[in-house]
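>>> give the three-dimensional model of this entry:
(chains A and B)
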Number of protein chains: 2
Amino acid sequence: MLRCIMRIHIQNPNDDPLFVFSHEQWDSAAARAGDIAVGHEVTLGDTDNDFIAGMEDAEALVTDLGVALRVFPCRAPRLRLIYLTSAGLEKLAPFDQLPGNATLLNNSGTHSQKAGEFGIMAVLMLANRVPTLVTNQRAGTWRKQWGTTVGGKRLTVVGLGGMGAPIAAWGRKFGMHVTGVRTVAEPHPDCDAVITAADLDQVLPSTDFLALACPLTPATRGLLDRRRLGLLPPGAGLVNVGRGGLLDQDALCDLLDSGHLSGAVLDVFTPEPLPDGHRLWTTPNVIISPHTSVDEPASYNALSLDIFFENLRALRDGRPMPNVFDTSRGY
Amino acid sequence: MLRCIMRIHIQNPNDDPLFVFSHEQWDSAAARAGDIAVGHEVTLGDTDNDFIAGMEDAEALVTDLGVALRVFPCRAPRLRLIYLTSAGLEKLAPFDQLPGNATLLNNSGTHSQKAGEFGIMAVLMLANRVPTLVTNQRAGTWRKQWGTTVGGKRLTVVGLGGMGAPIAAWGRKFGMHVTGVRTVAEPHPDCDAVITAADLDQVLPSTDFLALACPLTPATRGLLDRRRLGLLPPGAGLVNVGRGGLLDQDALCDLLDSGHLSGAVLDVFTPEPLPDGHRLWTTPNVIISPHTSVDEPASYNALSLDIFFENLRALRDGRPMPNVFDTSRGY
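Numbers count the residues shown, from 1 in each chain, chains lettered A, B, ... in the order given. The predicted structure is shown next:
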């Protein structure tokens, strides 16, 4: 059996006080986790000196992507586990600054409830033509704009991980026909059909609502290029909670300007923050969310710690840790 | 047994071609309805002359509120049933222009699926702070704005009819604690608790989201006055799919301006259309929908006819017709 008592260092983010870990959060998570949380030596750091001191002997590091981007490479002789409190870690690519003998974990799953609710909300907003209502409202124009119910409509969800799966599940609860897109076309309990990206061209022409909820990897960058976006039928709507780089933003704006697409609800952009004067700010029928859609400060750290302990439990029990980040595939 | 073969006249609306009845819609509805749809003599009118001719011998009239407002009082010697394809008929009050020996029916139920989806969408939009995102977007401002999941949050739904009940039901499916408000505090399967308006003051201070989905009657006009709106806790959000007159719009604007309320999703206003330059157009954290939220043209007439036939079936079978509009209570 593998070792299960660890020297753990938690290094707090230094750019957003809403996501700073407290001793109370750790203690509560440890109480929820039970036996697997017992016996560890834990330090909690805020400053660079705290980090350097922690890395002298830490075997596990819990921190956020911003810290990881800043501090690695660094001396960390005993580090074996790096748990980052983000799901998409593409900014760390090609990952060679991380200690070579440490396993990288992400917090996939932390975002599931929030992503599912935001995702189905966005689909309902597209069906109810809220992006158009908002565009008319901005112009101070009262103009009847009818929407539709979503039952029987076709929802295509790209990515069936911690964000896409709950969006698909809600789609089914609302009576939608849900097609999932992932790397292997295996059946999924929340989808009517599952395809790979290779078959996307066949599905897009009958897609009423397209939700992007996958990581940005070499395989998914630009997946929704101008040609593929153009395959969506007139009136279709798009949700993006994945990454801005998944699609051709200029092509999206053109399709919204022409009215071919009825609306878009976007949480992610290239670049972020979306610059002043960027075309998307004034493209009609767009809702802009500032990359906050799938995070809830009130529960985020607690959920992240629960997932960290789940992984420790798997490690102790000799099972594969569910959140190992595969740096070669990029998720 | 009451007579069940009727002389039916359908008079089309003359202000919105999207809602004009076709012979095909009637035939399809009749096929769905089965035996109760057999044997009637049906005419379909578009012009005033069609209406006058139809009223010579019609026993049942199917038409919309706009026509009813325009044509009554009029000669209609055999008219016994007036089926109006709206739910809220307060514009016809005090109803004394209608033939005194005709029963008035509304189409309550037609809006249920659309209202449920719009209502829960609006609640999710409030939880996700979409009204604030849109306000920031209008200013071209990228500013992080976090939302919350809705599980465990408190939703109060005023009105548990064809619109409120499905909103309550979706609230429960999202794990919310739902309090319904109606004229009798009887338990309701879609609510955790049911109160009457007399107890609203006790519930408002713990309400995270307030959804108004009741008719406008002498009893509900101004129900959410300045004092009651002020009982909502800081950060609460409001949805109105009932009628503008249910609340004090100026007080609502004040509470949004001050930031006491976090947002409002409004489909109904006083007056409608909302005039150019009206304060609500520029009040922060408001989403304005032009009284289209609960209607879906693609299914509206079909659903209305299904409900009409349900009422004919009840009439024939000697049961109370479910859609009788009580002119004394106003719904």
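
>>> other SSEs contacting the helix or strand where A:Leu126 lies?
Using DSSP states H and E, A:Leu126 maps to helix A:112-127. Judged by 3 or more C-beta pairs under 8 Å, 6 or more residues apart in numbering or on different chains; DSSP states H and E, helix A:112-127 is in contact with helix A:164-173, strand A:209-212, strand A:237-240, strand A:263-266, helix B:112-127. No exception for glycine: its C-beta is placed from N, CA and C like everyone else's.

>>> which of those is buried the deepest?
Mean neighbours per residue, mean count of other C-beta atoms under 10 Å in any protein chain shown, is largest over the helices and strands packed on helix A:112-127 for strand A:209-212, with a mean of 29.

>>> all strands of chain A, in order?
Using DSSP state E, the strands of chain A run over A:7-11, A:41-45, A:60-63, A:81-84, A:103-105, A:154-158, A:177-181, A:193-195, A:209-212, A:237-240, A:263-266, A:286-288.

>>> next one: A:Leu223 from chain B, what distance?
Going from A:Leu223 to chain B by C-beta to the nearest C-beta, to the nearest Å gives 25 Å.

>>> do the same with A:Arg221
Taken as C-beta to the nearest C-beta, the span from A:Arg221 to chain B is 23 Å.

>>> give me the neighbour count for that residue.
If you count neighbours by other C-beta atoms under 10 Å in any protein chain shown, A:Arg221 ends up with 14.

>>> what's the longest helix along chain A in contact with?
With secondary structure taken from DSSP state H, chain A has its longest helix at helix A:297-317. Here helix A:297-317 makes contact (C-beta atoms under 8 Å, 6 or more residues apart in numbering or on different chains) with A:1-4, A:6, A:18-19, A:21-22, A:25-26, A:28-30, A:32-33, A:36-37, A:62, A:81, A:83, A:85, A:105, A:107-110, A:320-323, B:146, B:148-149.

>>> hmm, back to that, please identify the deepest-packed of the strands of chain A.
strand A:209-212 (a mean of 29).

>>> for that one, name the packing helices and strands.
Using 3+ C-beta pairs under 8 Å, 6+ apart: strand A:209-212 touches helix A:112-127, strand A:154-158, strand A:237-240.

>>> and the stretch 151-300 of chain A, which residues reach chain B?
Listed as neighbours of chain B in the stretch 151-300 of chain A under the rule C-beta under 8 Å from any C-beta of the partner chain: A:151, A:173-174, A:272-274, A:276-277, A:281-282, A:287-293, A:295-299.

>>> coming back round to it: can you select the buried ones from the contacts of helix A:297-317 in ChimeraX?
The ChimeraX command for the buried members of the contacts of helix A:297-317 (criterion: 16 or more other C-beta atoms under 10 Å in any protein chain shown) is given here:
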select /A:6,19,21,25,26,29,30,33,36,37,62,81,83,85,105,107,108,109,110,321,323 /B:146,148,149
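
>>> I figured A:Gly147 hits A:Arg129, correct?
Yes - A:Gly147 lies in contact with A:Arg129 (C-beta atoms under 8 Å); the separation is 4.7 Å.

>>> looking only at neighbour counts, state which of those two leads.
A count of neighbours by other C-beta under 10 Å puts A:Gly147 above the other of A:Gly147 and A:Arg129, at 27 against 22.

>>> give me every residue that touches the residue nearest to A:Leu65 when sequence neighbours are not counted.
Closest residue to A:Leu65 apart from its sequence neighbours, by C-beta to C-beta, 6 or more residues apart in numbering or on different chains: A:Ser86 at 4.3 Å. By C-beta under 8 Å, 6+ apart, the contact set of A:Ser86 is A:64-65, A:106-107.

>>> so for A:Ser86, what pLDDT did the model give?
A:Ser86 carries a pLDDT score of 96 in this model.

>>> do A:Asp15 as well
pLDDT for A:Asp15: 87.

>>> next: A:Met1.
A:Met1 is given a pLDDT of 44.

>>> let me know the outermost residue of chain A.
Centroid-distance maximum for chain A: A:Trp142 at 36.1 Å, with C-alpha atoms, centre = their mean.

>>> count of neighbours near the nearest residue to that residue once chain neighbours are set aside?
Nearest non-adjacent residue to A:Trp142, counting by C-beta to C-beta, 6+ apart: B:Pro273, 3.9 Å away. If you count neighbours by other C-beta under 10 Å, B:Pro273 ends up with 13.

>>> pLDDT below threshold where in the stretch 1-150 of chain A?
For the stretch 1-150 of chain A, applying pLDDT under 70 flags the ranges A:1-3.

>>> give me the nearest residue to A:Val134, chain neighbours excluded.
That would be B:Val134: by C-beta to C-beta, 6+ apart, it lies 5.2 Å from A:Val134.
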